[in-house]
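A.B. asks: just the structure for this:
(4 chains)
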Number of protein chains: 4
Amino acid sequence: MKGEVKKVVLAYSGGLDTSIILRWLQDQYQCEVVTFTADLGQGEELEPARKKAQLMGIKDENIFIDDLREEFVRDFVFPMFRANALYEGVYLLGTSIARPLISKRQIEIANQVGADAVSHGATGKGNDQVRFELGYYALKPDIKVIAPWRLWDLTSRTKLLDFAEKHQIPIAKDKRGEAPYSTDANLLHISYEGKALEDPWTEPDEDMFTRSVSPEKAPDKPTYVEIQFEKGDAVAVDGVRLSPAQLLTKLNELGGANGIGRLDLVENRFVGMKSRGVYETPGGSVLIVAHRAIESLTLDRGESHLKDDIMPRYAELIYNGFWFSPERIALQQMIDHISQNVCGVVRLKLYKGNVTVVGRKSEKSLYRMDYVTFEEDSVYDQRDAQGFIKLNALRMRLAKMARG
Amino acid sequence: MKGEVKKVVLAYSGGLDTSIILRWLQDQYQCEVVTFTADLGQGEELEPARKKAQLMGIKDENIFIDDLREEFVRDFVFPMFRANALYEGVYLLGTSIARPLISKRQIEIANQVGADAVSHGATGKGNDQVRFELGYYALKPDIKVIAPWRLWDLTSRTKLLDFAEKHQIPIAKDKRGEAPYSTDANLLHISYEGKALEDPWTEPDEDMFTRSVSPEKAPDKPTYVEIQFEKGDAVAVDGVRLSPAQLLTKLNELGGANGIGRLDLVENRFVGMKSRGVYETPGGSVLIVAHRAIESLTLDRGESHLKDDIMPRYAELIYNGFWFSPERIALQQMIDHISQNVCGVVRLKLYKGNVTVVGRKSEKSLYRMDYVTFEEDSVYDQRDAQGFIKLNALRMRLAKMARG
Amino acid sequence: MKGEVKKVVLAYSGGLDTSIILRWLQDQYQCEVVTFTADLGQGEELEPARKKAQLMGIKDENIFIDDLREEFVRDFVFPMFRANALYEGVYLLGTSIARPLISKRQIEIANQVGADAVSHGATGKGNDQVRFELGYYALKPDIKVIAPWRLWDLTSRTKLLDFAEKHQIPIAKDKRGEAPYSTDANLLHISYEGKALEDPWTEPDEDMFTRSVSPEKAPDKPTYVEIQFEKGDAVAVDGVRLSPAQLLTKLNELGGANGIGRLDLVENRFVGMKSRGVYETPGGSVLIVAHRAIESLTLDRGESHLKDDIMPRYAELIYNGFWFSPERIALQQMIDHISQNVCGVVRLKLYKGNVTVVGRKSEKSLYRMDYVTFEEDSVYDQRDAQGFIKLNALRMRLAKMARG
Amino acid sequence: MKGEVKKVVLAYSGGLDTSIILRWLQDQYQCEVVTFTADLGQGEELEPARKKAQLMGIKDENIFIDDLREEFVRDFVFPMFRANALYEGVYLLGTSIARPLISKRQIEIANQVGADAVSHGATGKGNDQVRFELGYYALKPDIKVIAPWRLWDLTSRTKLLDFAEKHQIPIAKDKRGEAPYSTDANLLHISYEGKALEDPWTEPDEDMFTRSVSPEKAPDKPTYVEIQFEKGDAVAVDGVRLSPAQLLTKLNELGGANGIGRLDLVENRFVGMKSRGVYETPGGSVLIVAHRAIESLTLDRGESHLKDDIMPRYAELIYNGFWFSPERIALQQMIDHISQNVCGVVRLKLYKGNVTVVGRKSEKSLYRMDYVTFEEDSVYDQRDAQGFIKLNALRMRLAKMARG
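C.D. replies: Got it, this is the predicted structure:
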């Protein structure tokens, strides 16, 4: 494969797998490797990644380490929550929504450093490869994409470790044995899948979870919290204005402490198979309830039902990796337009896994405006209901008469 | 209005309001009144209704008292749950789904006794008048419909009580004062709305609830339960086969005891205004989680996403009163067809308001069939993913190239 | 009804019916009447309406006569054509799209002159009453609406003529007898319905049509025409830049001369009954074919299919009178966003009723960019198709295996 | 590749390309080849295919020649027309709908003769490969699929001819030069694409067309025709009952003679690129107009709009090759259910490319039942319209008041 690639931008976590990929790219393509490591709120130190990259011979100017947490929440998580997006009725899309940002930043770096290729560490059976690569292609159509897991012959744990040892890649002690499941983490969620979770009849171990206490261990007293919204986005918690990433961090604390946001499901992957996943999304699980509640007060029925009708399609686009597709962007225009009037405060009770709406108010509320502005009769005359019903019934009466 | 109506079938609860309607109908139309009282699982004795009807001069052959619980769950609740129907993302449609059955039975009785009119006690501002009357018209296009609340001048509590006293209609002590909210109950749910709940910023009193303990008061130990499904319907709980109504009753006990199924929302009525409602749906809240879980294992992605896409429309049809519309029936054909393969067992953990799926299995599972039947490679070759991604990306690459 | 209304803005055509309404309003409400007469391209002189209004005592400052043709095409017809809107698969919505503009202008005038009411001449069985009044209410929620046809007792032709004679309203000779059908005309179309057309088995008389020759009488030689588009709108014909109304006028001439744009259908009214209508839409029928053709070249598949999927809903909103609804406006945001890239030229052959696309080109074409920019292989490798197909097939294979 | 395949069923037309494939399969796999040749109404003799197969060494019991015309129209074309399916607003899916039948029959034969593989002659850039192979996999998940055009090195016309000569495959004189476009034909349509048509600005030559005269050359007198429907399907033409294939043949004659059914479009392929196609679908173009017309009379609005809303999705499924997918089958259940009441007669005028509905009648008509069965007032009271409008307007009034 020599000569095909000159410079490649690798999404590099600093962990064992992407370190192996780094070396493998150097070997296979004899090319310059640029590492890109992002803080998306996964809760890991990034500086060790710099050191490891340096150790593997990456030049300083080719090491990119970015804190993308604000961009992540502001430009990806929040727009998605404006849509109340749930994949297959329940999944908050925590992994799906982070991938396009990584793709976007990799392509930005590729353009900056003049790279002709990008690479990632996602395997060949999952959705993430699709999400990364659709992002790459949508943003830079002539980019070369290297997906080592689909190309190499390091198809077993043993072979990987052998390769690492042979190339003096340090192996952390706890990476010797195979992990009981694979995880992905960012500020919105952490996921677990594979191995110990493969039998969908088996309940996950309590000690797997890292972002939330169990409902059983959560406090016996409820926590009340007020979330303020502007133009469809949360902007303050309990009266304190917060940046997007700060706000989600705060909701993660509140949700996690109260046992909120665990989800165990079997989902349909875009690549055609079902998989079982377990997720912790404490802040997101609080946020979606609050967002629906403020919409219930401030959206017109026509707007609200239109959003509900297209939501599954919008969520599917994100799940499948089409964040940068023209149709996702077009749907977003509509959603954002509708969100202009979504403002106010929602009061929630958080208690042992439950998120309960106990109050909502808005200066743009569409609830009971009648009593405020009009004489009751001028807005709603009960006799109007008869005509409303009779004309709505007419076609069904005619059908019954004709068909018996 | 004399002479217009010969015989009217009244949906009669035996309570004060419908007793006043009964007398008012006799007065206004000088017509024969047939009372129909149904047990839909609302948890009230029906025989007192017979006695009251007799006292008001209704002939024995004109008093109909029916236990419709099995029909209600089998032919209305279960078909709706096959669709995972949620109105506005959250509401399980407990009131909406009961109305068409009442309409249907009233029309059956009207046909049996040769009545030319039907009447109900729903007010002129709500959805229920629409649901009742669309049902009547769809099933018997030439029926006359009498909606006293839209017609009479008994527009205040005082006038109603005066009318009752004047006509010797007994008034229960607790009906003297105005109720703090109006309720509707059946085997699926109980609703509360109006008065004390009108301010959407105010949390409901804990002592309002009747079907569930609060999460706080629920047991400190979780309850595990297994629900078995066949053709999309729950058929057994913990291995015990139950009839539809028995099964929902059992889930109500389990859910209610564990603080499950309370919902507080602002919803958009079909008649054009928003209203605030609080609901308890303990068994239904357990059932929908279980149903989604068994579908996640047994439905093909295409089937599942099709169902998700049309669900909001299906739910809206039920909410708006179009149960007997040709299009609801057509959608049901599709949903029922898809449900043929939905079978297996779901294991749930119920704990202080939480319903968590902890296992699911099915002999028709579509999960991981690959490892069972095929050599791994013959079903999924990781290299296939490259072509899959590249062709999915193609149109986006072309768009980017043309548009920049 | 005296005293209820102070000043009313009447949509006044100058014809017999609205002249009767004018007098009836004066009689019934003893109120000031403001007449509003619009040129929407219906092809009638407007000045006679001024004279008639004056004769009936309307003050000069209360007579509004506006040429709205450009606004009509620019702000109503063109946005609708961006959506390729067809009601029930075939109808170009010529009447529906004009009503909201009339409503809007009436409300503007009401605000200007301080009127508290508006009135129109649409009957109680049709869609137009709904369209007018939903427009009024959406733009000025506290407006009073007077719909004389639903209120008065002039329920026969004879009574109307008697009323006219009694009040010295001049009756044109050809209005003495009843018209064979009712019509509505504007720059987009003319409609015919009622009376002679009521039997849907009967073909309309050839001499009914006024905007187009029959295909039989159209020229034996085809006409070729080129239409240029920018941002989804037609801007030039055969290289000549035209304003929106000029352009539609030009297409009407071309279409009408070539026997294009007649449609005979049975449609479902919003008020619940079916009706039979015949329409002539010569320019619009040319325009929609051209618009679809330019979109076929310039829209991404995802955009195009999204538009197709929501089109029936968008068309239904317009047909039902919800032009000013929040959801129509939200959908328009999406459609207009997508239309940004719709530009280029379409070449059409017009011949005896046929509109055939014979060429389309665009600088933003997404067609065959591969050969232009890329080496063939780098965009499309035929071997990619195998992976694409296999992963698309995977779920169906698993379903077949599990279900047999 | 030797030894991989034992017996392969080839979709064999008898033409040069599939004869080369036949020999190539024998060479490459040293396997037994079974040929399958179908009459789908493409208008070619089938017996020459038998002879050619024999000459290439195929055993008589391995030669399958089937007349599938009735099955094609009855089980594929007619169900699709019940949905009024149009891809991208205009295309009648003539090629797409034939592929699944070929797949189905190949798999039936594979099961019968114990073959482990199937093969087809579709290229690697088109939709047909997808349609064939999705069909194979959906019906027989473990089948091996051989797509020679994606595998071999016969990548130019010259190489193909060389291969043919080397293997004594007879080459018809007119196959020496390259065809000006590729075509696909069956009883529903014929398609043209590629080469001379590749520039979407160029009008096709008149002498390309084979199934229809041009509108210019069609008769100067219109043809009137009556089509009778039962349960959504056409069953008789001008009172003569015909089998499905006979009926479509008859409509092809009538349509073709009157210059009906030509279409020139740029479409979005499933594999991600745009292509330009020209189609002749004379009978189908008549049929869809007639079908919509009979539905306009007999379908309830709710049914009809539901069908319209899902149509683009249904059409896309067929275009993309998902005929045998669970979701297409589920949608068909709904469509077929709705079609139960679609019956009656439609009268059409065919004239120089135009198909005009001039009459429709049905014993199950929902049009104007009011006058037949009811007193006018009992079905439609014009005053009902006021309540209908006011409640439909309510939410928009509230929105305007709150938002200004």
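
A.B. asks: helix, strand or coil for the closest residue to residue A:143 other than its chain neighbours?
C.D. replies: Excluding its sequence neighbours, the residue lying closest to residue A:143 (Cβ to Cβ, 6 or more residues apart in numbering or on different chains) is residue A:136, at 5.2 Å. C-beta here means a position set from N, CA and C on the backbone, and glycine is covered the same way. Under the three-state scheme (DSSP: H, G, I helix; E, B strand; the rest coil), residue A:136 adopts helix.

A.B. asks: got it, and residue A:188?
C.D. replies: Residue A:188 is classified as coil under three-state DSSP.

A.B. asks: ditto for residue A:356
C.D. replies: Look at residue A:356: counting by three-state DSSP, its state is strand.

A.B. asks: number of residues surrounding it?
C.D. replies: Around residue A:356 there are 18 other residues, counting by other Cβ atoms under 10 Å in any protein chain shown.

A.B. asks: that one - nearest residue in space that isn't next to it in sequence?
C.D. replies: Residue A:356 sits nearest to residue A:349 (Cβ to Cβ, 6+ apart), 4.5 Å away.

A.B. asks: and the closest residue to residue A:357 other than its chain neighbours, helix, strand or coil?
C.D. replies: Closest residue to residue A:357 apart from its sequence neighbours, by Cβ to Cβ, 6+ apart: residue A:293 at 4.5 Å. Reduced to three states with three-state DSSP, the structure at residue A:293 is helix.

A.B. asks: run a quick neighbour tally on residue A:293.
C.D. replies: Number of residues near residue A:293 (other Cβ under 10 Å) recorded here: 27.

A.B. asks: which ones are touching it?
C.D. replies: Counting by Cβ atoms under 8 Å, 6 or more residues apart in numbering or on different chains, residue A:293 touches A:346, A:348, A:357, A:360, B:265, B:266.

A.B. asks: neighbours of residue A:25, how many?
C.D. replies: If you count neighbours by other Cβ under 10 Å, residue A:25 ends up with 21.

A.B. asks: wait, is it part of a strand?
C.D. replies: No - per three-state DSSP, residue A:25 lies outside any strand segment and is helix.

A.B. asks: just checking, it touches residue A:10?
C.D. replies: Yes - if you go by Cβ atoms under 8 Å, residue A:25 and residue A:10 touch, sitting 6.5 Å apart.

A.B. asks: residues shared between the contacts of the two?
C.D. replies: A:33, A:119.

A.B. asks: excluding covalently adjacent residues, which one is nearest to the residue most central in space within chain A?
C.D. replies: What sits nearest the mean C-alpha location of chain A, by Cα atoms, centre = their mean, is residue A:94, with 2.7 Å. Spatial nearest neighbour of residue A:94, excluding adjacent residues (Cβ to Cβ, 6+ apart): residue A:189 at 2.8 Å.

A.B. asks: which ones are touching the one you found?
C.D. replies: Counting by Cβ under 8 Å, 6+ apart, residue A:189 has contacts A:92, A:94, A:95, A:211, A:261, A:279, A:280, A:281, A:284.

A.B. asks: switch to 6 Å and redo it
C.D. replies: Contact partners of residue A:189, counting by Cβ atoms under 6 Å, 6 or more residues apart in numbering or on different chains, are A:94, A:279, A:281.

A.B. asks: skip ahead from the helix or strand harbouring residue A:313 and say which helix or strand is next.
C.D. replies: For residue A:313, the element it lies in under DSSP states H and E is helix A:301-320. Once the chain leaves helix A:301-320, the next helix or strand it forms, by DSSP H and E, is helix A:326-339.

A.B. asks: what about that following helix, near chain C?
C.D. replies: Yes - on the criterion Cβ under 6 Å from any Cβ of the partner chain, helix A:326-339 is in touch with chain C at A:326, A:327, A:330, A:333, A:334, A:337, A:338.

A.B. asks: okay if I get those as CSV plus pLDDT, neighbour count and distance to chain D?
C.D. replies: CSV is the format used below for the residues of helix A:326-339 next to chain C (pLDDT from 0 to 100; neighbours: other Cβ atoms under 10 Å in any protein chain shown; distance: Cβ to the nearest Cβ, whole Å):
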residue, pLDDT, neighbour count, distance to chain D
A:326, 98, 24, 12
A:327, 98, 24, 12
A:330, 98, 23, 16
A:333, 98, 16, 19
A:334, 98, 26, 17
A:337, 98, 18, 13
A:338, 98, 25, 12
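
A.B. asks: what are the contacting residues of stretch A:147-161?
C.D. replies: A:21, A:24, A:123, A:124, A:129, A:163, A:178, B:382, B:383.

A.B. asks: my bad, should have said stretch A:40-54
C.D. replies: A:14, A:35, A:37, A:39, A:63, A:65, A:68-69, A:72, A:98, A:185-187.

A.B. asks: how confident was the prediction at residue A:310?
C.D. replies: Per-residue pLDDT puts residue A:310 at 98.

A.B. asks: how much space between it and chain B?
C.D. replies: Shown here: residue A:310 relative to chain B, a distance of 9 Å by Cβ to the nearest Cβ, to the nearest Å.

A.B. asks: what about that residue, how many residues nearby?
C.D. replies: That count, for residue A:310 with other Cβ under 10 Å as the rule, works out to 21.

A.B. asks: now the residue nearest to residue A:356, what's its secondary structure?
C.D. replies: Of the three states, residue A:349 takes strand under three-state DSSP.

A.B. asks: so what pLDDT did it get?
C.D. replies: Looking at residue A:349, its pLDDT reads 98.

A.B. asks: and what of residue A:378?
C.D. replies: pLDDT, residue A:378: 59.

A.B. asks: now residue A:306
C.D. replies: Looking at residue A:306, its pLDDT is 98.

A.B. asks: so who does the closest residue to it other than its chain neighbours touch?
C.D. replies: In space, and not counting its chain neighbours, residue A:306 is closest to residue C:327: 4.6 Å by Cβ to Cβ, 6+ apart. By Cβ under 6 Å, 6+ apart, the contact list for residue C:327 reads A:302, A:303, A:306.

A.B. asks: how much space separates the residue in the stretch 251-400 of chain A that chain B sits nearest to from residue B:103?
C.D. replies: Per Cβ to the nearest Cβ, the residue of the stretch 251-400 of chain A with the smallest distance to chain B is residue A:382, at 2.9 Å. Residue A:382 sits 20 Å away from residue B:103, going by Cβ to Cβ, to the nearest Å.

A.B. asks: compare these two and say which is more crowded by neighbours.
C.D. replies: Using other Cβ under 10 Å, the more surrounded residue of residue A:382 and residue B:103 is residue B:103, with 27 against 20.

A.B. asks: circling back to that earlier point, from what I see, the residue of the stretch 251-400 of chain A closest to chain B and residue B:122 are in contact.
C.D. replies: No - because the distance of 11.0 Å does not satisfy Cβ atoms under 6 Å, residue A:382 is recorded as not touching residue B:122.

A.B. asks: name the nearest residue to residue A:85, sequence neighbours excluded.
C.D. replies: Counting by Cβ to Cβ, 6+ apart, residue A:85 lies nearest to residue A:315, which is 4.1 Å off, once chain neighbours are set aside.

A.B. asks: separation between that neighbour and residue C:313?
C.D. replies: Counting by Cβ to Cβ, the gap from residue A:315 to residue C:313 is 19 Å.

A.B. asks: what do you get for residue A:286?
C.D. replies: For residue A:286, the distance to residue C:313 equals 33 Å [Cβ to Cβ].
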